[in-house]
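> based on what follows, work out the 3D shape:
(one chain, ligands or ions: 2)
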Amino acid sequence: MFPEQNVMKDPFGRTINYLRISVTDRCDLRCRYCMPAKGVVRVPMARILSFEEILELARIAVDMGVDKIRLTGGEPLVRRGIERLVHMLAQIPGVRDLAMTTNAQQLQRLAPALAEAGLMRVNISLDTLDAQVFTHLTRGGDLQKTLDGIAAARAAGLTPIKLNCVVQRSADEPHARAVADFAQKEGLQARFIQQMDFESGYFAQVDGGDGGDCPRCNRLRLSADGRIRPCLFSDLGFSVRELGPKRALIQALQNKPLRGGRCAENPMRGVGG
Ligand code: SAM
Ligand code: SF4
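Ligands and ions are numbered 1, 2, ... in the order given. All right, here's what the predicted structure looks like:
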């Protein structure tokens, strides 16, 4: 049995119970739709929250009504000691779902420790099953490593495993269909995400998932630079260090827009997808 929890409502009556934590803006890939090849401006290390700061924020968020936490990035597996953070978050009473979104390049090595630490499940990015196209799209990634990561996640019990597949227009594209076939064969769930162009303010609903659906949005985000972001499609952010975790959470909640709009740059790498 879980203890009774508070319920967090935004000004439009939406229940907010989902916190997505970007643990780093760093990544071991450079996917073409997410990052430029060169010249990525990194968040200075001094501004990245420590595990203890993330834990304190997560505890307060759970106390306010969050029961679902996802670790993302950047690439969460490049944050050193990530399994220690997973362990810390898994101990918070009231966390019913603790998941991670990852490119799985390093998951073969880390899956057992993550599962042991209390991670429940993973979403893995996989846009194609063609090794050359994979390397091209990710600017240097190794398809086999992601496939090995998927197998390791399954063996470690990080299930159900969902595959995130970015498509240009529809899930009918050949690479997406190959991913769908692979998912069916392997007993995994595939979700197709239309490639978003943030600068134009264009964003899409996630097919087979719950993203991009403003009336039903249930989330807040912690960005890699320590701000609570009420919406991925807005530049609003409330600094945890400047305001303190509780005020940052409350202000983000109170300023959650009715629907997404524009933001100055692709927020995926710093805020998490
Ligand atoms: N590095 C991890 C990964 O790739 O799974 C987690 C962070 S990544 C920013 C989270 C998700 O955002 C991935 O599934 C990725 O495919 C998606 N993504 C990144 N840029 C996108 C874009 N322009 N449009 C749609 N999805 C995007
Ligand atoms: Fe890295 Fe994920 Fe962005 Fe690809 S989508 S560059 S793996 S953060």
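> dump the residue contacts of the residue lying closest to A115 once chain neighbours are set aside.
Take A115 and drop its neighbours on the chain: the residue closest to it by CB to CB, 6 or more residues apart in numbering is A156, 3.9 Å away. Bear in mind the C-beta positions are built from the backbone N, C-alpha and C, glycine included. Applying CB atoms under 8 Å, 6 or more residues apart in numbering to A156 gives the contacts A111, P112, L114, A115.
> give me the nearest residue to the residue in the stretch 51-200 of the chain that ligand 2 sits nearest to, chain neighbours excluded.
Across the stretch 51-200 of the chain, no residue is closer to ligand 2 than N103, which sits at 3.7 Å (CB to the nearest ligand atom). Excluding the flanking residues, the one nearest N103 by CB to CB, 6+ apart is S125, at 5.0 Å.
> who does that neighbour form a beta bridge with?
Under the criterion DSSP bridges, S125 forms beta bridges with N164.
> quick one: neighbours of it, just the number.
The number of residues packed near S125 is 22, by other CB atoms under 10 Å.
> now it: how far from ligand 1?
4 Å (CB to the nearest ligand atom, to the nearest Å).
> also K185?
K185 is 21 Å from ligand 1, by CB to the nearest ligand atom.
> what helix or strand is that residue on?
helix 174-186 (DSSP states H and E).
> off-centre distance for that helix?
Taking the mean of its C-alpha atoms, helix 174-186 sits 22 Å from the chain's own mean (CA atoms, centre = their mean, to the nearest Å).
> so for whatever helix or strand comes next after it, what gets flagged as buried?
Moving toward the C-terminus from helix 174-186, the first helix or strand encountered (DSSP H and E) is strand 189-194. Going by neighbour count (16 or more other CB atoms under 10 Å), the buried part of strand 189-194 is A190, R191, F192, I193, Q194.
> now do the contacts for A61.
L19, L220, P245, L249.
> and the second one, backbone torsions?
Meaning L220. Per-residue torsions, L220: phi -130, psi 160 (degrees, to the nearest 10).
> which residues does it bridge with?
Applying DSSP bridges to L220 gives these bridge partners: L19.
> quick check, pLDDT for it.
Listed pLDDT for L220 reads 97.
> all numbers from here: first residue = 560
Renumbered: residue one is now 560, and that last one reads L779.
> right, and it touches A811 too?
Yes - with contact defined as CB atoms under 8 Å, L779 reaches A811; the gap is 5.5 Å.
> list residues touching both of these two?
I787, R788, P789.
> hmm, which helix or strand of this protein has the shakiest average pLDDT?
Taking mean pLDDT, DSSP states H and E as the measure, the helix or strand of the chain with the lowest value is strand 765-766, at a mean of 50.
> around ligand 2, pick out the residues from the stretch 560-709 of the chain.
Selection of the stretch 560-709 of the chain residues close to ligand 2 by CB under 6 Å from any ligand atom yields C586, L588, R589, C590, C593, M594, G632, G633, E634, N662, S684.
> reformat those residues as JSON lines; add secondary structure.
As requested, those are exported to JSON lines (DSSP: H, G, I helix; E, B strand; the rest coil):
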{"residue": "C586", "secondary structure": "coil"}
{"residue": "L588", "secondary structure": "coil"}
{"residue": "R589", "secondary structure": "coil"}
{"residue": "C590", "secondary structure": "coil"}
{"residue": "C593", "secondary structure": "coil"}
{"residue": "M594", "secondary structure": "coil"}
{"residue": "G632", "secondary structure": "coil"}
{"residue": "G633", "secondary structure": "coil"}
{"residue": "E634", "secondary structure": "coil"}
{"residue": "N662", "secondary structure": "coil"}
{"residue": "S684", "secondary structure": "strand"}
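> among those residues, pick out the one closest to G819, please.
In terms of CB to CB, no member of these lies closer to G819 than C593, at 17.8 Å.
> let me know the pLDDT of the closest one.
For C593, the pLDDT comes out at 93.
> how close does it get to F693?
Going from C593 to F693 by CB to CB, to the nearest Å gives 14 Å.
> fine by me, we can end here.
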